[in-house]
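Asks: Dropping the sequence and predicted coords here.
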Amino acid sequence: MVIPLVFLLCFTFGYQQSEEVAEEPAVDIEAEKAAVRAVLDDWIKCIETEDIELFSKIIAHDDDMVSFGTDAAEHWVGWESIKESVQKQFESVENADISIRELVIKVHNSGEVAWVSLLMDFKGEAMGEPFSVEGMRVTGVMEKRNGNWVFVQSHSSMPVTGQVVKY
């Protein structure tokens, strides 16, 4: 008789706790997606306008923040290394024009982490020569810190033509 009573008490107590957890307010995922999209818009804006201060606001200033660019040498770890490279890019690129497509934004249920993927078309002039890059693949991970979304990881790449390994 004691064992069924203990089981019933444990079940009842556990059920009450799970109800309390379920009543916590849910994160507004759509609002967070819109906030992440606004940061992506700022990212494009800072590149097109060469605004290093805006760039500084949307990138984590962590020593272990990681970013890969499309060139083999473009691997940055930490805020200072990417800041230096972006400043050099701003000095050599003019008339930048960026558009994105196939954007996917995923926000974790906690509302504290998001990841994005997109295709980017980027054209302009570099060192006086016109360039056009179509279909650049971009992914990124963002964290919400002090109410603001910032990139903590990003990766850009260009697809190869055909399969590298056939399967």
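Replies: Everything's here; your move.
Asks: burial of V77, as a residue count?
Replies: 13 (other Cβ atoms under 10 Å). For every residue, glycine as well, the C-beta is placed using N, CA and C.
Asks: you'd agree it is up against A60?
Replies: No - at 11.7 Å, V77 and A60 do not qualify as touching, with contact defined as Cβ atoms under 8 Å.
Asks: who touches both of the two?
Replies: Residues touching both V77 and A60 (Cβ atoms under 8 Å, 6 or more residues apart in numbering): none.
Asks: What are the buried residues along the longest strand anywhere in the chain?
Replies: With secondary structure taken from DSSP state E, the chain has its longest strand at strand 129-145. By neighbour count with 16 or more other Cβ atoms under 10 Å, strand 129-145 contains the buried residues 136, 138, 140-144.
Asks: now do stretch 86-103
Replies: For stretch 86-103, by 16+ other Cβ under 10 Å, it's 86, 90, 93, 96, 98, 100.
Asks: out of the residues you listed, which are inside strands?
Replies: Per DSSP E, the buried residues of stretch 86-103 map to strands at 93, 96, 98, 100.
Asks: bridging residues for the third one?
Replies: Under DSSP bridges, the beta-bridge partners of I98 are F122.
Asks: Okay, A114 and S132: tell me how far apart.
Replies: Using Cβ to Cβ, to the nearest Å, A114 is found at 29 Å from S132.
Asks: scratch that, N148 is what I was asking about
Replies: Counting by Cβ to Cβ - N148 and S132 are separated by 33 Å.
Asks: Ok, V164 next?
Replies: 24 Å.
Asks: what's across from L118 in the sheet?
Replies: V138.
Asks: residues in contact with it?
Replies: Counted by Cβ under 8 Å, 6+ apart, L118 has contacts 40, 100-104, 138-139.
Asks: out of those residues, what pair is the most spread apart?
Replies: Greatest spacing in these, by Cβ to Cβ: R101 and T139 (14.4 Å).
Asks: Nearest residue to M127 in space, please, no chain neighbours.
Replies: Closest residue to M127 apart from its sequence neighbours, by Cβ to Cβ, 6 or more residues apart in numbering: S92 at 5.3 Å.
Asks: My read is that the one you found contacts A126, right?
Replies: Yes - here S92 lies in contact with A126, judged by Cβ under 8 Å, at a distance of 5.5 Å.
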